[in-house]
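Chemist: Fold the following for me, if possible:
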Amino acid sequence: MTKEFYSCTQTIYPDEFLLKMTNIKPVRKAVFPVAGLGTRFLPATKSVPKEMLTIVDKPVIQYAVEEARAAGIEHFVFVTGRNKAVIEDHFDIQVELELTLRERDKHDALDLLASSLPKAGQTSFTRQQSPLGLGHAVWCARDIVGDEPFALLLPDMVMQDKKGCLSSMVELYNNTGGNIIATEEVAWEETHKYGVVETGKEVDGGFEITGMVEKPKPGTAPSNLFINGRYILQPEIFDILSGHEKGAGGEIQITDAMLKLANLQEFYGFRFTGRTFDCGSREGFITANVAFAMSHEELAKDLRTELKNILDEVQPE
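Modeler: Prediction:
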């Protein structure tokens, strides 16, 4: 693999550390880092986790969980922080609510709740006591994930497409093994805002990743494909993260760990061609609400009229 884009010093590990691709283990578990404070949404997130803010009629976290379930994930691992208990409650039975719905013959609502509920034993919650970075959050899930590959979904990044991003990634993984990173095109002049990959030869459903660079200087990006918040990673990354090495912002970064892992294992990229909304920003969150509402059969017509009226009333700057 080309190393000029790697920002971390190569570390030598024992031979047994290297992944052997003779047997590709299935991806059964997914990790959801949900310990962030959501300060960009204050005061709304003072008492409500940002992952529970709703896009139309579902909280942000539910979109990620449904994407994972559609990809065949069987176990959902949430890395939480303080004041996040409502997330655990959301993926549990609400006895009083269901009794009331039954008494009122609200069977459609009951079916809707049942369809979004994981089965018993399919969810695990672990605590990240201090906000030490995404890499640290992933490391906190190590004992639950164990010695098997896992999916990592950043809930702030909400995907919209006919087929889920992770479903396509799993298909690629079943062909290639190794590690998979979802990527998406961005304008070349915007590449300095993102983690960007360098592309190698094409494979069925994706491409080899030969380098990665975090926020390249303008004009130096190896491609215009940015990393959009969906990963399939091998468990050896936990060994790297256990060193708790700090990177940008004084935090333990998952990108730094992937750069080291890329010296030992193969990485492949998947090109996602749907839309990704960064719901960690106010603009992305509002845009996601509009986009998903416009795809909602009951809302689209009236909303289109209301949006037109609002735009007509807005005075140009």
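Chemist: Quick one: residues contacting the spatially closest residue to residue 247 that is not a sequence neighbour.
Modeler: Nearest residue to residue 247 in three dimensions, chain neighbours excluded: residue 253, at 4.0 Å (CB to CB, 6 or more residues apart in numbering). In this view, the C-beta of every residue, glycine as well, is placed from N, C-alpha and C. Contact partners of residue 253, counting by CB atoms under 8 Å, 6 or more residues apart in numbering, are 133, 134, 135, 247.
Chemist: Show the pLDDT at residue 253.
Modeler: Model confidence at residue 253, expressed as pLDDT, equals 87.
Chemist: Ramachandran coordinates for it?
Modeler: phi -100, psi 140 (degrees, to the nearest 10).
Chemist: how close does residue 142 get to residue 136?
Modeler: As for residue 142, its distance to residue 136 is 11 Å (criterion: CB to CB, to the nearest Å).
Chemist: which other residues reach stretch 176-183?
Modeler: 19, 21, 24, 165-166, 169, 172-173, 197, 203, 206, 209, 225-234, 258, 261-262, 265-272.
Chemist: Check those residues for burial and list the buried ones.
Modeler: 19, 165-166, 169, 172-173, 197, 206, 209, 225-234, 258, 261-262, 265-270, 272 (16 or more other CB atoms under 10 Å).
Chemist: returning to what we had before: out of the contacts of stretch 176-183, which are inside strands?
Modeler: 197, 203, 206, 209, 225-233, 267-271 (DSSP state E).
Chemist: any idea how far the helix or strand hosting residue 108 is from the chain center?
Modeler: Using DSSP states H and E, residue 108 sits in helix 107-115. Its chain's C-alpha centre and that of helix 107-115 lie 26 Å apart, by CA atoms, centre = their mean, to the nearest Å.
Chemist: what's across from residue 159 in the sheet?
Modeler: Beta bridges link residue 159 to residue 276, judged by DSSP bridges.
Chemist: how close does it sit to residue 173?
Modeler: Distance from residue 159 to residue 173, counting by CB to CB: 17 Å.
Chemist: do the same with residue 102
Modeler: 42 Å.
Chemist: do the same with residue 26
Modeler: Taking CB to CB, one finds residue 26 at 9 Å from residue 173.
Chemist: Could you tell me which residues touch both of these two?
Modeler: Joint contacts of residue 26 and residue 173 (CB under 8 Å, 6+ apart) are residue 149.
Chemist: Burial check on the closest residue to residue 70 other than its chain neighbours, number of neighbours?
Modeler: Leaving out its chain neighbours, the residue that sits closest to residue 70 by CB to CB, 6+ apart is residue 164, at 4.7 Å. Residues near residue 164, counting by other CB atoms under 10 Å, number 22.
Chemist: dump the residue contacts of residue 164.
Modeler: 66, 67, 70, 71.
Chemist: Alright, that wraps it up for me.
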